[in-house]
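In: give me a model of this one.
(one chain, ligands or ions: 2)
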Amino acid sequence: MTGRITGQLALAPARDPAHTGRVTRQALIIDCDPGVDDAVALMLAFGADEFELLAVTTVGGNVPVEKTARNARMLRQVAGLQKPGHDEAPVFMGAAQPLVRTLGTATDFHGPEGTGDLEPFEPDLPCADGHAADAIVDLVMSRPAKSVAMAVLGPMTNLALALRKEPALAERLGPVAVMGGARAEGGNITASAEFNIWADPEAAAEVLATGAEVVLFGLDATHQVRATEDRIAAVEALGTPMAKTAGAMLRFSQRVERTIVGWDASPLHDPCPVAWLLKPELFELKPCLVKVETESDLTRGHTAVEFRQAVAGEPLKHRWAVTADADGVFALIARSCG
Ligand code: RIB
Ligand code: CA
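Out: Ligands and ions are numbered 1, 2, ... in the order given. Below you'll find the model as predicted:
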């Protein structure tokens, strides 16, 4: 697909997710920087009735936070997740800048608006009141311990701010599934760092130093989840507004990857943490201890992933995804978008 998709995609009817027969749904907060792969991850989450999506919090990352917040609201509207009179999955705007550095964006890989080839539109509903970090604290601390999971799909600035505001959050949170880091695969924004960690290495270091139950889906795993032509075509063939949106984002990534990186199929990063929350068996995880380089300019944002307890010298409190079932991830995306 080469030309720009103009105009607003048809909107899905308001979703009224019926429970899937599960006794309880997983309460979830998604923190993201849409962003074309964030957009696919949001479609995956919006269409998964297993989640009680408490909030979408947005951060400056791929594009500035004003655009990531607009894009999250736009995608929620495409998915029909808002019904007249009330606003499901409220979108909160968060940090515009990393904790101590100046934001570096990734518009080459996401388009100037963060929406790939899609023309953005002004969504019907505004952002919810309040800062994303405050929303994270309020939503997690007001619910039973370990009952709220997070998927963090951009720089970890908002979560770091929330943990600074309320340190008890670390023990209160359920699993924190993070797209970030690189070990065996090397970096994507620099030779040794993955973008989300590189963008705010201090935030990542602070989050990882707490007792939060962090599961990292770095490039070692996400590079195994490739948007091949067949997989993109299968999503597009579903024909729904959500599928058309996800398909357009995947097409944009396919073109960019071929042009900039020379790969024929782009890795699909941000849906991986969300897919794990839905179907953990799609990924193999290893206990580890992850530390982040924050001093060196050359290796800023490098994730030092130690699997050896004897070498780590402290408990292996993190988990690192070492394998991913790409077909399984795409099957979940098709289920959500169909
Ligand atoms: O390195 C990939 C990550 O950086 C993804 O989250 C993508 O959206 C960008 O933010
Ligand atoms: Ca992202």
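
In: next secondary structure after the longest helix anywhere in the chain?
Out: Using DSSP state H, we find that the single longest helix of the chain is helix 241-256. Tracing the chain past helix 241-256, the next element assigned as helix or strand by DSSP states H and E is strand 266-267.

In: how far off centre is that next one?
Out: Remark: strand 266-267 is offset 15 Å from the chain centroid, using Cα atoms, centre = their mean, to the nearest Å.

In: identify the residues contacting that strand?
Out: 219, 222-227, 250, 253-254, 256-257 (Cβ atoms under 8 Å, 6 or more residues apart in numbering). Where C-beta positions appear, they are placed from N, C-alpha and C, glycine not excepted.

In: can you list the strands that it pairs with?
Out: strand 226-227 (antiparallel) (DSSP bridges).

In: give me the contact list for the partner strand.
Out: So strand 226-227 is contacted by 250, 253-254, 265-268, 326 (Cβ under 8 Å, 6+ apart).

In: quick check: closest non-adjacent residue to residue 243.
Out: Spatially, and ignoring its direct neighbours in sequence, residue 243 is nearest to residue 337 (4.0 Å; Cβ to Cβ, 6 or more residues apart in numbering).

In: show me the contacts for that neighbour.
Out: By Cβ under 8 Å, 6+ apart, residue 337 lies in contact with 43-44, 47, 235, 238, 240, 242-243, 246.

In: now render the contacts of strand 226-227 as a markdown table, adding neighbour count.
Out: A markdown table is the format used below for these (neighbours: other Cβ atoms under 10 Å):
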| residue | neighbour count |
| --- | --- |
| 250 | 29 |
| 253 | 23 |
| 254 | 20 |
| 265 | 19 |
| 266 | 26 |
| 267 | 22 |
| 268 | 28 |
| 326 | 21 |
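
In: could the contacts of strand 266-267 be laid out in a markdown table, adding pLDDT?
Out: Shown next, in a markdown table, are the contacts of strand 266-267 (pLDDT from 0 to 100):
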| residue | pLDDT |
| --- | --- |
| 219 | 98 |
| 222 | 98 |
| 223 | 98 |
| 224 | 98 |
| 225 | 98 |
| 226 | 98 |
| 227 | 97 |
| 250 | 98 |
| 253 | 97 |
| 254 | 96 |
| 256 | 95 |
| 257 | 93 |
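
In: if anything else comes up later, I'll come back, but that's it for now.
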